[in-house]
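Colleague: how would this look folded up:
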Amino acid sequence: MVGRSRAGRCITGLRRVPGILSDFRSVLEGVVSDVHYLPNARGARQGHRALADPGAWAQTAAAVAPRIHDYRRQTLGPGHEIRSFEAQGRGRYEVEGVGKHVREGDRLRFTLKGSETLELVLDVMELREKLIPQHGWTAVLSGADFDSLDIHRWSIVCDACARKMDFEFCAPSGASQEKLLIQAAARVEDLDWTTKNEAHLCDLCSKGTA
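Modeller: Next comes the predicted model:
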């Protein structure tokens with residue numbers, strides 16, 4: 001009864017000041033709508049009503065791109081390193097590393113083993129933080145599903161300016177020549193080269209800036 005009496009006096013006091021109680025209710029109902037997605041919470045502000053709509057919330061979440069952490073060979077150093085990298089199954093890996101601000105749902109970039117320029121991007125599915133070393137963690141990652149890859153090094157010459165480019169690409173072990181050509185063409189396209197009427201054009205000639 002004492003608690004009720006105090007609560008009653010408190011709310012009565014709020015009622016004596018115009019606008020305070022309604023603002024107080026608006027904030028409370030807004031918080032509840034954020035947690036439980038109540039579309040008809042009375043007094044909720046416009047921003048809270050938008051978040052209360054599950055469809056709007058899903059669109060907002062989808063629009064937020066995952067954070068990407070760069071662990072390629074050239075970025076590694078003290079306090080930012082990969083200590084172990086093991087395949088646990090098809091498309092699943094366990095990685096032990098050191099680095100700040102890595103969270104579940106983020107993405108990590110790695111240099112593909114045996115390559116100078118190719119990279120592997122994996123999603124963080126699970127993460128366990130470690131006390132030692134500082135900022136250490138062990139993560140379960142998911143990504144490309146393959147048994148084994150071979151790295152190929154080819155060259156291409158621009159038919160407009162005769163510029164030559166050496167490039168790397170990867171393909172499944174034992175891939176046919178036809179599949180190698182497809183993979184090579186995709187890699188060249190990633191490097192902003194184009195093919196027009198069976199002629200190869202470098203990135204500069206493709207844009208007309210050579």
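Colleague: assign the closest residue to Ala185 other than its chain neighbours to helix, strand or coil.
Modeller: Counting by C-beta to C-beta, 6 or more residues apart in numbering, the nearest residue to Ala185 once its immediate chain neighbours are dropped is Thr195, at 7.2 Å. C-beta here means a position set from N, CA and C on the backbone, and glycine is covered the same way. The assignment at Thr195 comes out as strand when based on DSSP: H, G, I helix; E, B strand; the rest coil.
Colleague: over to the one 10 residues further on?
Modeller: Three states are possible here, and by three-state DSSP the one that applies to Cys205 is helix.
Colleague: go through the lengthiest strand in the chain and flag the buried ones.
Modeller: In the chain, assigned by DSSP state E, the strand with the most residues is strand 119-130. Buried residues in strand 119-130, counting neighbours by 16 or more other C-beta atoms under 10 Å, are found at 120, 122, 124, 127.
Colleague: repeat for stretch 170-182
Modeller: Of the residues in stretch 170-182, those buried under the neighbour-count criterion (16+ other C-beta under 10 Å) are 170-171, 175, 180.
Colleague: that older thread, would a markdown table of the buried residues of strand 119-130 with distance to Pro133 be doable?
Modeller: Supplementary listing: the buried residues of strand 119-130 in a markdown table, determined by distance: C-beta to C-beta, whole Å:
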| residue | distance to Pro133 |
| --- | --- |
| Leu120 | 24 |
| Leu122 | 21 |
| Val124 | 19 |
| Leu127 | 15 |
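Colleague: quick check, nearest of the residues you listed to Ile151?
Modeller: Top of the list for closeness to Ile151, among the buried residues of strand 119-130 and by C-beta to C-beta, is Leu120 at 11.8 Å.
Colleague: do you know how far that closest one is from Gly114?
Modeller: 12 Å (C-beta to C-beta, to the nearest Å).
Colleague: repeat that for Ala171.
Modeller: If you measure Ala171 against Gly114 using C-beta to C-beta, the figure is 13 Å.
Colleague: same thing with Ser176?
Modeller: In this view, Ser176 and Gly114 are 21 Å apart by C-beta to C-beta.
Colleague: OK, contacts around Leu191?
Modeller: Listed by C-beta atoms under 8 Å, 6 or more residues apart in numbering, the contact set of Leu191 reads 165, 167, 203.
Colleague: swap in Gln134?
Modeller: Residues near Gln134 by C-beta under 8 Å, 6+ apart: 79, 98.
Colleague: sweet, I'm off.
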